[in-house]
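**Q** Dropping the sequence and predicted coords here.
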Amino acid sequence: MTRPSGPLISPARLMDQLAGERPPLLLDVRWQLNGPSQRPAYDRGHLPGAQWVEFEEALTGPPGEGGRHPMPSAETFQAAMRTAGVSDGPVVAYDAANSLAAARLWWLLRHFGHEDVRVLDGGYAAWVAAGGEVTSEVSPVDPGDFVATPNCCAELDADGAADIAYRSILLDARPADRFRGENETIDPVAGHIPGAVSMPALASVDESGQFLSPDDLAMRFTAAGIRPDTEVGVYCGSGVQATHLALALEASGIHPRTGVYIGSWSHWITDPDRPVDR
């Protein structure tokens with residue numbers, strides 16, 4: 001399977017592809033941290049043909065020792081993707097605007113072996129702003145035959161993240177105040193992994209939720225010392241903003257060797273012997 005050029009797609013480009021001979025499968029994964037299901041928003045309006053994916057059921061395992069949003073099992077993820085119609089054709093994921101949830105779906109599909117997947121830049125909001133059609137009609141879809149086989153995106157555990165922090169670059173994708181151990185209202189322990197570098201994920205998008213240009217992203221990452229041959233680890237609070245930063249790294253065109261610590265800070269702090277910096 002050939003990977004598409006770049007992990008992002010604009011609304012205008014998506015409109016062209018949807019009118020083409022091989023339109024992509026659209027997956028709506030709108031989600032709100034600690035909020036109710038966004039399925040009602042999907043029911044009110046979504047991109048024509050888009051299939052609903054429930055974040056908390058498909059893109060994460062049960063919270064616990066693995067963190068707040070640990071990896072889903074291959075079986076759970078495969079079943080959800082098949083229900084949504086995923087086979088070997090192109091897929092475009094989108095959420096409300098800033099691509100946090102869509103990036104998590106992008107990373108998981110890549111991790112489990114589906115190369116032809118992109119994220120709608122700016123999500124549903126950008127689509128509507130561009131004059132894209134929306135509908136409340138739920139289109140039927142044939143079950144897909146996607147097979148979840150980890151083979152692409154590197155998943156880091158706690159030891160792997162600590163190792164990268166020691167000998168290369170480990171990026172912390174949370175807001176800078178949480179990295180510093182300030183204003184921590186989500187996790188019971190404040191601080192960051194020793195040696196990590198603060199790189200807030202949402203600084204990669206503008207106020208509308210669309211990603212900065214590849215050149216601007218590249219400048220941001222090269223200023224942190226990241227080059228194509230750099231081994232980079234990424235983590236956040238629970239593995240959502242981390243995948244967003246991994247998406248931004250790929251969109252920048254630098255293409256370092258990137259691994260994501262999905263358990264992230266919420267897993268790191270489950271072991272009191274792991275060190276904490278503030």
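**A** Right, received. Where do you want to start? Numbers count the residues shown, from 1 in each chain.

**Q** How about residues contacting stretch 251-261?
**A** If you take CB atoms under 8 Å, 6 or more residues apart in numbering as the criterion, stretch 251-261 is touched by 6-8, 107, 153-158, 160-161, 164, 211, 214, 217-218, 220-222, 226-235, 239, 242-243, 246, 249-250, 267-268. C-betas here are computed from N, CA, C, even on glycine.

**Q** now swap in stretch 119-135 and tell me
**A** For stretch 119-135, contacts defined as CB under 8 Å, 6+ apart pick out 7-12, 14-15, 28, 30, 45-48, 92-99, 102-103, 106, 208-211, 247.

**Q** Narrow those residues to just the buried residues.
**A** Buried members of those, scored by 16 or more other CB atoms under 10 Å, are 7-9, 11, 14-15, 28, 30, 46-47, 92-99, 102-103, 106, 209-211, 247.

**Q** mind listing which of those are in helices?
**A** Among those, DSSP state H puts P11, L14, M15, A102, A103, W106, L247 in helices.

**Q** if we take the residues you listed, which one ends up nearest to V53?
**A** Distance ranking of these against V53, using CB to CB, places A102 first at 9.7 Å.

**Q** Isn't the closest one up against D95?
**A** Yes - assessed by CB atoms under 8 Å, A102 is found in contact with D95 at 4.5 Å.

**Q** Could you tell me which residues touch both of the two?
**A** V29, G123.

**Q** pull the CA atoms of stretch 271-278 into CSV?
**A** C-alpha atoms of stretch 271-278 as CSV (Å, rounded to 0.1, in the frame of the first residue of the first chain):
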residue,chain,number,x,y,z
ASP,A,271,5.0,3.9,39.5
PRO,A,272,6.2,6.0,42.5
ASP,A,273,9.8,5.0,41.7
ARG,A,274,9.8,6.9,38.4
PRO,A,275,11.5,10.3,38.9
VAL,A,276,9.5,13.5,38.4
ASP,A,277,10.9,17.0,37.5
ARG,A,278,9.2,20.3,38.0
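
**Q** which of the residues in it are buried?
**A** R274.

**Q** Could I get the average pLDDT for it?
**A** Model confidence over stretch 271-278, given as mean pLDDT, is 96.

**Q** And stretch 42-62, by the same measure?
**A** 98.

**Q** Buried ones in it, by neighbour count?
**A** Applying a neighbour-count criterion of 16+ other CB under 10 Å, one finds 42, 46-47, 49-55, 58-60 buried in stretch 42-62.
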